[in-house]
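J.: My questions are about this predicted structure, shown below with the sequence.
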Amino acid sequence: MTATLTPATVPAAAPAAPTTRTKTKRDIPTVVVIVLVSVALLLLIGLPLGKILVTAVSAEGLEVAQAMFTSPVNRKIVVNTVILGTLVGAIGTAIGFAMAYAQARMKFRGKKLLHLIALLPIVSPPFAVATAVITLFGRSGLITNKVFGLETNIYGLTGLTIVLALSFFPVAYMNLLGMLRSLDPALDEAASGMGANKWQIFRTVTLPMLVPGFGGAFLLLFVEAIADLANPLVIGGDFTVLSSRAYIAITGEYDVASGSAYSVFLLVPALLVFLVQRYWSSRRSIVSVTGKPSGRVREIEGWARVPLMVVVFGIAALIVTIYATVIIGGFVQILGVNNTFTLDNYRYVVQGIGSDAMIDTTVLALLATPIAAILGMLVAWLVVRKLKRGRGLMDFAGMLGLAVPGTVVGIGYALAFNRPLVVGNVQLLPAFAGGAAVFGGAVAIVMVYVIRSMPSAQRSGVAALQQIDPAIDEASASLGATGVTTFRRVTLPLIRPALLSGLTYAFARSMTTLSPIIFITTPQTKIMTSQILSEVDSGRFGNAFAYCTILIVIVMTVIGLLNLAARGRTPVPVAASGA
Amino acid sequence: MSARPALSSPSARYAGKELTMATTQLTDSTEAFARHADIGRLRLTDIVKEFGQGQQTVRAVDELVLDIEPGEFITLLGPSGCGKTTTLRMIAGFEEPTSGHIFLDDDDIVVEPPNKRPMAMVFQSYALFPHLSVRENVAYGLTLRKMSGAALKEEVDLALTSMNLLGLADRAPNQLSGGQQQRVALARAMVMKPKVLLFDEPLSNLDAKLRVQMRLEIRRLQKRLGITSVYVTHDQTEAMSMSDRIVVMNAGRIEQAATPDEIYRHPASVFVADFIGRANFLDAEAVSVTPRADGHATARVRVLGRDVEVPAHPACVAGAGVTLLVRPESMRLAPVEVASPGDDVLGDHGRVLSVVFYGESVEYEVESEYGTVVVVVPDPSTESILAEGDAVSLSFNSERAWLLPA
C-alpha cells in the first residue's frame, strides 16, 4: 500500500493536450431512441417549416414580402394583426389574473365551480364562443337586440377581441394561479409585520413578484391571438389579419407563394415570443427562489372582495351564458328568431356527413394522442436526462409544434406532403396530404395532431422529470439497467401523472384544432372542426351548435375515461405493516 | 453481465435467525455475501477530467493515479471542488474521463457504460425508486438479470435480513426514516454482489448520532463481505474511522494516499496537515536532516531559540524553509510557575486568550510570540482549568511533532 502520489515526472506539455482522449461506448438502445426521435421531429416539423421558408423566399414570395411594406392594404393587415394581439394579450391577462387572484387569495363559496368554468374554454371547439357571441350580441342578438334593442355590429375588432380573450384567457389563468400559489405567504406575513395593510401588500409585494408572470401570459396570448384562424374567419368581418389573409391566398386565390410569405410574417413574431419566453424561464424567476412556501395564506374576507367578485362572477356568468347558448342553440330552430324545440340539427349532423366526421375525427385523434404523449415524454427524457450537447436544440424542435402558428403548420404540411417525398430518383415517402394521398390524407392529419399536441406532453414531462432526483436514474444504471430500461421501469411510472395530463390535453387539442387541419382536409377524411366552419360559413348556426355540443361531449367522455383508467392503477404501494 | 461471478453456494446463504436485535447489529447472514479476496482490484491510470470547452476549460481531475487493492476500503477526502466526487462518478461510469484508463481486475472498463460495470453505488440522496416497495427496490437489479421466483425471493430476503429490513419489506420508501432508507440503498447495492461498492457521501443526510452508527455498520458489513469500496466524503472523522486508506485530494490531484494514522501523524504536505485534524504550524529552522530507515527523516530544528530533535518529512532540507506541525493535543501548557519536566519547552510565555470547555477536554487559544496556538488538554480536572488572561508556558511533545517543507 504505497502512497501513490501524482508523479512529478509528467511532461510539462501534457496537461494542455492529453494524448489519448477516452471515448465511452454509447448505450445502444438510447442512441436508437435519439435517432428515431430526431427523425420523427425532422419529418413532423422540420420538413414542413423548411418547405414554407423555401417557398417564401422564392421570387413570388419575396415580391409579396416586399409588398407587405409598400402596399397600404398589406400594411393595414400587419397593423390589424398587432392591434388584435395586443388587445387580446392585455384583456386576456387581466381576466386571467382576476380569476386567479380570486381563486388563490379570496374566501368565497363556489371556488371549485369557478375554477371549472374558467377552464371550460380550453376544451371547447374554436367556433363555440364566436358563434354564440354572434347569436347573443350580434345585430339581431339575443341580448343586444332583444333585451336592449340595440343594433350593434359585433363583426370586426370588437367581436374578435371579446371572443379571443374569452377563448384564450385560461392559459393566463393557469399560469398566474400557479405563480400565486407558489408565492411564499411568509412574504405577506413579513410585510404585514412591518405594518403594511392588505392593499399595500398587494401593491408592493404581490404585484411586483408577478410581473414576469404577467409578461409571460401577455406574450402567450398575443401569439395565440395572432395565430388564430377560425375566429377571424367567423367573426372578423372585414377586419383582415395575417392568418385569414394567408388562408384566402391559399384556398381562394391558389397562390401558395404569397400564402407562405404571409405565414412567415406570422411565424417571426411567434418564434420571437417563444424565444423570449424561454430566455425568461431559463433565468430563475424571483418567485421560484423563495423556496418552499411556509405559513398560511390569509384569504380576503368581507366587503373588500366585492369589486373583484363582481368582475369575476360577471365573467363566469358570461362564459356560462355562452355555453348555454351553444347547447340550447342546438335544440331550437334558429335561436333568437324561432325558438321552437327541434332535433333537426342533430338529425342533420348525426345522419348526414356529420357521423363520418365524428368517427374520423375521434379515431384520428385517438390514434394521435398516445403517439404525441409518448413522443413528448421521450423528448422530455432525452432533454432532461440523456442529451448533453444538443439538448437545447431538441427541446426547441419539440416545442416548435406549439410555437409555430397553426396556419403556418397547415400550409407547411400542404406544401411538404401533397406530393411524394422524392430524394434524387428515390421516392422516400408517398404523398400524405391531399385527395390523392394514401389513406385519403389521414396520415397527414394524424401527423398534424401529433406535432400540435406533443409539446404539451413534452412540457409536462420536462417539469415532472426535473422533480425527479437524477441519482434515481443513476441508481438504476448502476444496478445494470440500460437507458431505455430505466425509462420504462423507473422514469415512466414516476411521470405517469404528467403523462396522463399530457394525454388528456393532447386529445382535447387534437379534437378542437382547426387552423392547421383546414389546409389538408380531403373529401375522404372529414374533420369535425372544418365541418363546423362550413356550417357557420353558410349560416346554419343550429347545426354548428349541435356539432360543437357533440364535440364537447366526446372530448369530456374520453378525458373522463382516461382519468378513470388512471385511477384504477395506483403507483405507490401503501401497505404498512408494523415492524 | 453474466460475467459477474456467483460467489457462494445457495446453501451457504441460509440466514436462520429471527431478527430482534437493535438496528446496529448485523447478522451472520452477511457472511453469505463474502467473496474471494482477489476480486475487485481497481486501477486508475492518468485520469484527467476536464469540464467546459476552449478558454473556460476547468480541470476537475488532473493526472490521477491510484491503485486500490481487492477488498480495500478507500476514502476520497477533500474540500468541495477537489475532484473527489468526479473521480467516483468516473469509476461508476456516470462521467467520462477526458483521458486515462480504469482497470478492474485487468479489464479496461473505462469504455463501458455504467450498466455494464460490475459495481453498485450508494447515493447521498439514497435514490430509492419511490414507486417501488422496499422489496421491489432490492429486487430491481436482480430482475434485470432475469432472476425470478424462489431464487429471487431467497436472494432478496437474504439481503433484507442482513440489513434488518425484513419487517419493512412491503413499505414504500417514503414511509421509512432516513437511516432505514439508507439501509435499503445498501441492501439494494449489496444484493448485486458487485466487485466494487461505491459510496457518494451516503451519510451526510443523516443526523449526527445515526451517522456514527451507520459508519460502523457500513464498515463492519464491508469487512465481512470483503468488497472493494470507494467512499467519498468531506467529513474527516468519517474518513478516519472507516478507511483502510485515505486519499486526500486537492485541486484535482492526490495530495496523499495513506493509512489514517500516516495521514494524521505524517502528512505529506501543509495542505494535508491543515485539512486533517487541527494543526499548529510553528516557524522553525532545520539545522540538520538525517534520513531514517522507515522512509521518514529525523531533523534537528531550532524552534524558539532551542534545538529539538523531531521526526521529519524526507523532503525537508537543512537550511531551507520548514514548518513544524504540532497537533493541539501534543501541546502542553502550564501556569508559568510550573514548567512540566521532560517536555521540550518552547521557551517563551503566552497568555490564555480563550477557554472552551467540551467536557472530555478543554481547548485553549494561547497568544504567544509564535502567533495564536491552540492547545487541547484532555480529561481536565475542574481545578486545573486555567482562566482567560492567565500567563502560561508552552511546550510540546517532540515525538509527536512533524517537520514539513514550508
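T.: In hand now; what should we look at?
J.: who are the neighbours of the helix or strand hosting residue B:48, in terms of helices and strands?
T.: If you go by DSSP states H and E, residue B:48 is part of strand B:42-51. Other helices and strands packing on strand B:42-51, by 3 or more Cβ pairs under 8 Å, 6 or more residues apart in numbering or on different chains; DSSP states H and E, are strand B:58-68, helix B:84-92, strand B:99-104. Quick note: C-beta positions are derived from backbone N, CA and C, even for glycine.
J.: among the ones you listed, which is the most enclosed?
T.: When the helices and strands packed on strand B:42-51 are scored by mean count of other Cβ atoms under 10 Å in any protein chain shown, the highest mean neighbour count falls to helix B:84-92 (a mean of 24).
J.: Looking at the stretch 51-200 of chain A, what residue ends up closest to chain B?
T.: residue A:182 (22.1 Å; Cβ to the nearest Cβ).
J.: pLDDT at that residue, what is it?
T.: On pLDDT, residue A:182 comes in at 78.
J.: again, but for residue A:1
T.: At residue A:1, pLDDT is 38.
J.: do the same with residue A:570
T.: For residue A:570, the pLDDT comes out at 45.
J.: Equivalent analysis for residue A:287, please.
T.: The model's pLDDT for residue A:287 equals 45.
J.: just residue A:541 next, same as before
T.: You'll see residue A:541 listed with a pLDDT of 85.
J.: before we move on, back to that, only the C-alpha atoms, please, for the strand holding residue B:48, written as CSV.
T.: Extracted in CSV, the C-alpha atoms of strand B:42-51 (Å, rounded to 0.1, in the frame of the first residue of the first chain):
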residue,chain,number,x,y,z
LEU,B,42,-9.2,-1.3,-9.2
ARG,B,43,-6.5,0.7,-11.0
LEU,B,44,-6.9,4.3,-12.2
THR,B,45,-4.2,5.5,-14.5
ASP,B,46,-3.5,9.0,-15.6
ILE,B,47,-7.2,10.0,-15.2
VAL,B,48,-7.9,13.5,-16.5
LYS,B,49,-11.3,15.1,-16.4
GLU,B,50,-11.9,18.5,-18.0
PHE,B,51,-15.2,20.4,-18.0
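J.: Work out the sheet partners of it and label each with its direction, please.
T.: strand B:58-68 (antiparallel), strand B:99-104 (antiparallel) (DSSP bridges).
J.: Tabulate those strands (JSON lines), appending mean pLDDT.
T.: Shown next, in JSON lines, are these (pLDDT from 0 to 100):
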{"stretch": "strand B:58-68", "mean pLDDT": "92"}
{"stretch": "strand B:99-104", "mean pLDDT": "93"}
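J.: returning to what we had before: which one of the helices and strands packed on strand B:42-51 lies nearest to residue A:102?
T.: With Cβ to Cβ, the closest approach to residue A:102 among the helices and strands packed on strand B:42-51 belongs to helix B:84-92: 48.1 Å.
J.: mean confidence for the closest one?
T.: pLDDT averaged over helix B:84-92 gives 93.
J.: how far off strand B:42-51 does it point, in degrees?
T.: Computed with axes from the mean of the first three to the mean of the last three Cα atoms, to 10 degrees, the direction of helix B:84-92 lies at 120 degrees from that of strand B:42-51.
J.: So is helix B:84-92 next to chain A?
T.: Yes: using Cβ under 8 Å from any Cβ of the partner chain, helix B:84-92 comes into contact with chain A via residue B:92.
J.: Against which helices or strands is that helix packed?
T.: strand B:42-51, strand B:58-68, strand B:73-77, strand B:119-122, strand B:196-200, strand B:228-233, strand B:245-250.
J.: pretty sure residue B:238 contacts residue B:206?
T.: No: here residue B:238 does not reach residue B:206: they are 11.0 Å apart, not a contact under Cβ atoms under 8 Å.
J.: Among these two, which residue is more densely surrounded?
T.: Neighbours per residue (other Cβ atoms under 10 Å in any protein chain shown) separate residue B:238 from residue B:206, with residue B:238 holding more: 25 against 18.
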